[in-house]
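1. Provided below are the primary sequence and the corresponding predicted coordinates.
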Amino acid sequence: MSDDLQSLIKEMRQCRLCETDMERAPNPVFQLSDTATVLVAGQAPGNLADTTGTPFNDPSGDRLRDWMGVSRDEFYDASKIAILPMGFCFPGYDAKGGDLPPMKRCAEVWRNRVLAQLPQLELILLVGGYAQRWHLGRKAEKTLTATVANWKSHARDHMFTLPHPSWRNTAWLKRNPWFEADVLPELRRAVRSALSAG
């Protein structure tokens, strides 16, 4: 790993920019290497990811790994797969018990700096609306469903638009069977191709 990326990671782990706005102490959770060929761009760590310090270390992660067609060992091989959420820390819960949105300051301060240090990326998985809006900009549709439904145009740019793999989206998956039938086989092929390029 380059000295520049090592230095940046150290700086990111010490970040306290949002400390006064968070329920818990800052605990940046991510996985980076400048040799990674796949980037998982998520939202923010959930409770289990925060408490264990491991991204997607929960049932959502199990579902995401199944979608990608990778094993747990492959997923946590930082030399192959980078995991960079829009917000590095668990943002806390809303009044209904759901996770709050990622802290906006995180992407503003860190995201472009990190992406500049990942030169080998072949594929970016945009998991959820926050990542989609940031990475796609004006190419994002008005709704997540429309953005995911337009997956073919984004795949041409080496990006896949995915809903969040949370159990809360199980009803969405049932309403949109085309996602499993059409998107997942292509996603798995693209992931396997990108991993073999490393």
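-> Structure received.
2. rest of the way, CA atoms for contacts and neighbours
-> OK.
3. for the chain, what spans make up the helices?
-> In the chain, the segments counted as helices under DSSP state H are 3-13, 47-52, 59-68, 72-75, 104-106, 112-115, 129-136, 144-149, 151-155, 170-175, 177-178, 184-196.
4. Can you add mean pLDDT and give those helices back as TSV?
-> Shown next, in TSV, are the helices of the chain (pLDDT from 0 to 100):
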stretch	mean pLDDT
helix 3-13	95
helix 47-52	92
helix 59-68	97
helix 72-75	97
helix 104-106	92
helix 112-115	97
helix 129-136	96
helix 144-149	96
helix 151-155	95
helix 170-175	95
helix 177-178	97
helix 184-196	97
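5. Tell me which of those sits nearest to Gly92.
-> helix 47-52 (8.2 Å; C-alpha to C-alpha).
6. buried set for the closest one?
-> Residues of helix 47-52 classed as buried: 47, 49-50 (neighbour count, 16 or more other C-alpha atoms under 10 Å).
7. swap in stretch 5-14?
-> Result for stretch 5-14 [16+ other C-alpha under 10 Å]: buried residues 5, 8-9, 12.
8. for those residues, which one is nearest Ile83?
-> So of the buried residues of stretch 5-14, ranked by how close each gets to Ile83 (C-alpha to C-alpha), first place is Ile9, at 12.6 Å.
9. residues in contact with that closest one?
-> Leu32 (C-alpha atoms under 8 Å, 6 or more residues apart in numbering).
10. Tell me how far it lies from Gln31.
-> Separation of Ile9 from Gln31 (C-alpha to C-alpha, to the nearest Å): 9 Å.
11. and what of Lys96?
-> 29 Å.
12. When those two are compared, which one has more neighbours?
-> Using other C-alpha atoms under 10 Å, the more surrounded residue of Lys96 and Gln31 is Gln31, with 20 against 7.
13. can you give me the end-to-end distance of stretch 70-78?
-> 13 Å.
14. ok, so of the buried residues of helix 47-52, who is nearest Arg24?
-> Asp50 (9.6 Å).
15. isn't that closest one right next to Cys89, touching?
-> Yes: with contact defined as C-alpha atoms under 8 Å, Asp50 reaches Cys89; the gap is 7.1 Å.
16. Now for these two: what residues contact both?
-> Both Asp50 and Cys89 are contacted by 27, 29, under the criterion C-alpha under 8 Å, 6+ apart.
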